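*Asks:* Next come a sequence and a model predicted from it.
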Number of protein chains: 4
Amino acid sequence: MIVMTPGASADEIGAVRTRLEKTGVHVVVMPGELTTAIGAIGDPQGVAELGLEGLPGVDRVVPISRPYKLASSELSHHEPSSFDVAGRRVGGGETFCLIAGPCTVESSEQTLGVAEAVKAAGASMLRGGAFKPRTSPFAFKGLGVDALKILAEAREATGLPVVTELLDSQHADAIHEHADVIQIGARNMQNYALLEVAGKLGMPVLLKRGLSSSLDELLMAADYILKEGTEAVILCERGIRTFETATRFTLDLGAIPWLKLHTHLPVVVDPSHAAGDRRLVEPMSRAAAAVGADGIIVEVHEDPEAALCDGPQALYASQFADYARDVGAHASLLGKRLA
Amino acid sequence: MIVMTPGASADEIGAVRTRLEKTGVHVVVMPGELTTAIGAIGDPQGVAELGLEGLPGVDRVVPISRPYKLASSELSHHEPSSFDVAGRRVGGGETFCLIAGPCTVESSEQTLGVAEAVKAAGASMLRGGAFKPRTSPFAFKGLGVDALKILAEAREATGLPVVTELLDSQHADAIHEHADVIQIGARNMQNYALLEVAGKLGMPVLLKRGLSSSLDELLMAADYILKEGTEAVILCERGIRTFETATRFTLDLGAIPWLKLHTHLPVVVDPSHAAGDRRLVEPMSRAAAAVGADGIIVEVHEDPEAALCDGPQALYASQFADYARDVGAHASLLGKRLA
Amino acid sequence: MIVMTPGASADEIGAVRTRLEKTGVHVVVMPGELTTAIGAIGDPQGVAELGLEGLPGVDRVVPISRPYKLASSELSHHEPSSFDVAGRRVGGGETFCLIAGPCTVESSEQTLGVAEAVKAAGASMLRGGAFKPRTSPFAFKGLGVDALKILAEAREATGLPVVTELLDSQHADAIHEHADVIQIGARNMQNYALLEVAGKLGMPVLLKRGLSSSLDELLMAADYILKEGTEAVILCERGIRTFETATRFTLDLGAIPWLKLHTHLPVVVDPSHAAGDRRLVEPMSRAAAAVGADGIIVEVHEDPEAALCDGPQALYASQFADYARDVGAHASLLGKRLA
Amino acid sequence: MIVMTPGASADEIGAVRTRLEKTGVHVVVMPGELTTAIGAIGDPQGVAELGLEGLPGVDRVVPISRPYKLASSELSHHEPSSFDVAGRRVGGGETFCLIAGPCTVESSEQTLGVAEAVKAAGASMLRGGAFKPRTSPFAFKGLGVDALKILAEAREATGLPVVTELLDSQHADAIHEHADVIQIGARNMQNYALLEVAGKLGMPVLLKRGLSSSLDELLMAADYILKEGTEAVILCERGIRTFETATRFTLDLGAIPWLKLHTHLPVVVDPSHAAGDRRLVEPMSRAAAAVGADGIIVEVHEDPEAALCDGPQALYASQFADYARDVGAHASLLGKRLA
């Protein structure tokens, strides 16, 4: 839809019409009281790339179609998609996935201890960072491949599938070997080269929303992965950057029901990074379950005060069973059981 | 806390010290490896107003004390405050207030119809707009005093106390006569003259967070009302303005547990204005109950397609009983019953 | 323009069509490959208020017309409007208005001293706060009517017209008596009752953009004033609230050329409140002149370290002549002289 | 600086003190009227990673030192750094760099045509995209290595050094071979793996600020590059994401003088992507020069209506000489000549 300025001349309107018709779209001119609008029916990407905003007499170009394709709920006839990760069902409306574990893998003992605690409490998967993105180049960056091996041991011991972040394409093989779900972090949501690498591995991908990414952009980023042939993409709301600094980020829980209307993909919530403070994590987790998320990814530590990274937002492993029960109760009001 | 630049000279540090000591605060100078910090112990407001940021050698002034006083949870020894509105308890952790009604009072029949429907479903109070703030001066602005009379009739018929917005101090007397709770809208959260007028009426005030107001600013605005002697202030999270436009505003549910830590005042959530789309209102209401809010203020209409204002976000009155039951179930998991 | 969901049925499309036709607008249905769009030609406000977003099969309602009327550049056939304030021309592209003075009127000596310094340096008007909006209710709120009298004295002594803020309708008469231009502060940009009071006084109004107000909303707020019959409205960009806290607000200088395209009203810039730090004020003022603003409103003090309010952002009166010369040089590259 | 809650007990204060002392920092306890603050003097990174926010009685941890090191103006004793790119001086306060060229390299003719036009007008360097990041995976992504060869031809013909974006580490060698300055795009500002690859190439790097990155984060990202041994990093302000959608992004020109206070690195401005509309590009470029930037990177096309990418924001090559003269005039008021 091209909106002309009120004073646009017939010649200017004609020029836009001609330009559009050359690209093969069907054109409808709608003169209004003040403003003429010109509808272009056909290839929306092509029309967007014409750059008509710069032509004389053009006020705005208003896209009518949604910009994402493969992630769209249209594609699945409004049925949610679901898939299995080592026997846990993700998506589909009958299960709730509790993905829990330490921010960073620090040692074999620490990781195994947390893994057993969250397994006992009913967690569906184990999370843990091997390669950590850090804002400052002088901060601790994770144990790398050694951490992947520790996660694999913890999977062996508990049966929990492992979720870990892919930060750089050179680690893709190692992560493919040791993990079950690849996480793409918020700061890499528009690192398109990395999205394509992740999509090509043929494993489920947990895609975090960028700090300042719109939901449309999140679904276009999912399209980057889906077009490589992977069907198993899990979206993750983890808080956006706003003017408010009382919490570390602003958790956008309204995004969950909006995504449920517009995409077939499962959606989980990361309350830990948004809150930045463990006292807020449990209430925000209950809210995530109540709003209709398909799961939660949360940080847990046996001794958060001694954690190498993000300790203040980690739940105590010793209290995780109570947490899981409380969050699960809200999920079960929506007819979901822990995956 | 005054932070000096790394290169600040002893004279510059001395000048800040002298300036602070003149105001009567106790001063502690802490030389660091790179940077000297100067602590000022005493009157924080006074130190903030000194404007030391402009002095040579000063990098930043970092406030250490919280800027609000009367709304602070310190004042109540961390006990939540609560009060009665026509027999309904607001705050205190044992009740959940469902405040429901039309965006705008359009007629006696419409208002009474909605009032009876929400009363039957268990609502605690009736909301309805008499004076409407409108972004465009050419939009419908409400029925005014006639609307107040209709609301009073509906209260008579159903026993529900009435919540309505005070937009201008010249309507204060009429609202005082006909309503039970005064609402201050988001756009007036920092209209200090109006806050003082509302505080002086001696009635409970429901104070909405401004579109771009921090939680600290919300609590300072509450201080404006509380200092007039009113003790009954209800805070309301209604969505903040962010870069995301998929929803009308971004509902900041993480604000609820943060507020519970920092203030004794009850906090309710308005999911209607944040969502702007009724399909999102029920999930966001469930989340508000699960996150620990003391209630919800929500728009309901018998025929939203014919509503004069904000129809797309209004719940159908015919479906309100189901809505109230679902939201109430999440509140009851936190040990709360409908007020 | 109503955009239907891809799966919308013919009946749903028909229902929207019928609903629109009842309001008297002309309707054009445009079936697309995936999505049908329905154009409504006629009363845009009426269509917006129908609330069609809630009807089955409707995806979005996309407004095509701009929502403001009286402030629109269409109204003036794309000619900028201009007017005189005590002999200074505001707007029109040939002058640049330097409005300068203390944040707050503190005393007769202080105000007169600054007024004389800025007058000597070529300032066009004197600014000064009599009634101050303060975030905390416990902060200094200005000298009130006494301050207005001091400003009037300074006008007498220097010939500079006076700009001061109207905070509450009860001060309207006093400000009308003593001032030349009424300022509406950012926090009151959507205090519609106050906008109408200001518009009725028949004096020029300087309207500051709200902290989180879009430019469309700024122009609709101007419409509130203009519809009362005042023709002299000056818009003011003063920084918006974003995630960035390095500066107090983010000065949106791109707004100036955007406003020049869309409104005939003059636009000035307030660099002081956006910067919050005097070292940034001069560069940002030069940029405001270079980007095409019609003027600047800036805070100046003889002894900023002793200022009662906002000292760190005030320019030194003793350096104001250099400042005025530097800023004026950039304005003169655009063919403007100091008003 | 650790701020305790007002009710913190002596034991809680003691526990924090003990914890800090174990890490080897010097500790100063400052009891205040309401709140105790504890200063830790020494290793700020180490203190931040302790995660003290989670300990009982702790309200907040307030960092006092700035988090960046190598980019800090402290490091250079407040002297701006500067360096040569093929004979053009960048930074240092005496030159202004005009970096101009097409958004995307489309063909040899197009690129050479633009290169000659901008060279004739006084441009310092040629920009052009070989690998394009695109929000949608279905959009045109650039000519790749062929584009790099075309840029090298244009350099040969005009003598202009070439700036082009590195999007993926696998293109690093090709870019190293053909380009003079490596651009890191906004979406990759926190792609730490890529920053390190760029830093290792030993070439100047132009680092764009992320859409929602704070200035502190921009300087920490620069630290990632600088620690690899490169000394030539150019920062670039290109607009941040805010609630305002009238312009594509909000150009934060106040960031320029703030950066000049806090870093020694040169800073340029990209007005094209922020504006998204060529009519705004010239005024915003003038403002960038006036505010004190060290240069501009701007998109120019011979026939923007036919551009494959971002045509509406490209300047007409035929008007570029006028543009360069106008922008240069503002730079020369600050004592700078075109590099």
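*Replies:* Nice, thanks for sending it over.
*Asks:* how far away is A:R66 from chain C?
*Replies:* As judged by Cβ to the nearest Cβ, to the nearest Å, A:R66 and chain C stand 8 Å apart. The way it works is simple: take the backbone N, C-alpha and C, and place the C-beta from them, glycine included.
*Asks:* Spell out the secondary structure type for that residue.
*Replies:* For A:R66, the secondary-structure state derived from DSSP: H, G, I helix; E, B strand; the rest coil is coil.
*Asks:* Tally up the residues packed near the residue nearest to it when sequence neighbours are not counted, please.
*Replies:* In space, not counting the residues next to it along the chain, A:R66 is nearest to A:S72; the distance is 6.3 Å by Cβ to Cβ, 6 or more residues apart in numbering or on different chains. For A:S72, the count of nearby residues is 21 (other Cβ atoms under 10 Å in any protein chain shown).
*Asks:* One more: A:F83?
*Replies:* Residues near A:F83, counting by other Cβ under 10 Å, number 16.
*Asks:* Same question for A:Q170.
*Replies:* For A:Q170, the neighbour count with other Cβ under 10 Å is 10.
*Asks:* My reading is that it is in a helix; is that accurate?
*Replies:* Yes - with three-state DSSP as the criterion, A:Q170 is assigned to a helix.
*Asks:* From chain D, how far off is it?
*Replies:* When distances are taken as Cβ to the nearest Cβ, A:Q170 and chain D turn out to be 8 Å apart.
*Asks:* For chain B, see how far away that residue is.
*Replies:* A:Q170 sits 33 Å away from chain B, taking Cβ to the nearest Cβ as the criterion.
*Asks:* Need the per-residue pLDDT for that residue.
*Replies:* According to the per-residue confidence, A:Q170 scores 88 in pLDDT.
*Asks:* List the contacts of it.
*Replies:* By Cβ atoms under 8 Å, 6 or more residues apart in numbering or on different chains, the contact list for A:Q170 reads D:169, D:193.
*Asks:* what pairs with the residue nearest to A:R66 across the strands?
*Replies:* Assessed by DSSP bridges, A:S72 has beta-bridge partners A:T263.
*Asks:* mind listing what it touches?
*Replies:* A:S72 makes contacts with A:66, A:219, A:262-264, as judged by Cβ under 8 Å, 6+ apart.
*Asks:* Repeat the analysis, applying 10 Å as the threshold.
*Replies:* For A:S72, the contacting residues are A:65-66, A:78, A:219, A:222-223, A:262-265, C:6, C:34, taking Cβ atoms under 10 Å, 6 or more residues apart in numbering or on different chains as the criterion.
*Asks:* Tell me the buried residues within those residues.
*Replies:* For the contacts of A:S72, a burial check counting by 16 or more other Cβ atoms under 10 Å in any protein chain shown picks out A:65-66, A:219, A:222-223, A:262-265, C:6, C:34.
*Asks:* just those now: which is nearest chain B?
*Replies:* Checking these against chain B by Cβ to the nearest Cβ gives A:H262 as the nearest, at 8.3 Å.
*Asks:* if I read this right, A:P6 contacts A:T35, doesn't it?
*Replies:* Yes - using Cβ atoms under 10 Å, A:P6 makes contact with A:T35 at a distance of 5.4 Å.
*Asks:* Now do the shared contacts for those two.
*Replies:* Applying Cβ under 10 Å, 6+ apart, one finds that A:P6 and A:T35 are jointly contacted by A:59, C:65-66, C:74.
*Asks:* Give me the lowest-pLDDT entry from those.
*Replies:* When it comes to pLDDT, C:S65 is the least confident member of the shared contacts of A:P6 and A:T35, at 73.
*Asks:* Just to be sure, A:A221 is in a helix?
*Replies:* Yes - the assignment for A:A221 is a helix, going by three-state DSSP.
*Asks:* Tell me how far it lies from A:M189.
*Replies:* As for A:A221, its distance to A:M189 is 5 Å (criterion: Cβ to Cβ, to the nearest Å).
*Asks:* Compare neighbour counts for those two and give me the winner.
*Replies:* Neighbours were counted for A:A221 and for A:M189 using other Cβ under 10 Å; A:A221 has more, 29 against 26.
*Asks:* how close does that one get to A:S214?
*Replies:* Here the distance between A:A221 and A:S214 works out to 11 Å (Cβ to Cβ).
*Asks:* Please verify my assumption that A:Q110 contacts A:H301.
*Replies:* Yes - the criterion here is Cβ under 10 Å, and A:Q110 meets it with A:H301 at 7.7 Å.
*Asks:* shared neighbours, those two?
*Replies:* Jointly contacting A:Q110 and A:H301 under the rule Cβ under 10 Å, 6+ apart are A:102, A:104, A:307-308, A:317.
*Asks:* Out of those residues, who's the most crowded?
*Replies:* Neighbours here mean other Cβ under 10 Å. Within the shared contacts of A:Q110 and A:H301, the largest count is held by A:P102, at 31 neighbours.
*Asks:* got a list of what that residue touches?
*Replies:* Here A:P102 is in contact with A:110-111, A:113-115, A:118, A:126-129, A:147, A:151, A:299-302, A:304, A:307-311, A:314, A:317 (Cβ under 10 Å, 6+ apart).
*Asks:* Now do the phi/psi pair for it.
*Replies:* Comment: the main-chain dihedrals of A:P102 come out as phi -70, psi 150, following degrees, to the nearest 10.
*Asks:* Name the helix or strand of chain A that has the lowest mean pLDDT.
*Replies:* Of all the helices and strands that make up chain A, helix A:44-50 has the lowest average by mean pLDDT, DSSP states H and E, namely a mean of 70.
*Asks:* Next secondary structure after it?
*Replies:* Toward the C-terminal end, the helix or strand that comes next after helix A:44-50 (DSSP states H and E) is strand A:58-61.
*Asks:* Would you double-check that A:I297 falls in a strand?
*Replies:* Yes - judged by three-state DSSP, A:I297 forms part of a strand.
*Asks:* That one pairs with what?
*Replies:* The residues that A:I297 bridges to, once DSSP bridges is applied, are A:I99.
*Asks:* That one and A:D180: what is the separation?
*Replies:* Computed with Cβ to Cβ, the distance linking A:I297 and A:D180 is 13 Å.
*Asks:* any shared contact partners between these two?
*Replies:* In terms of Cβ under 10 Å, 6+ apart, A:I297 and A:D180 are both contacted by the residues A:125, A:163.
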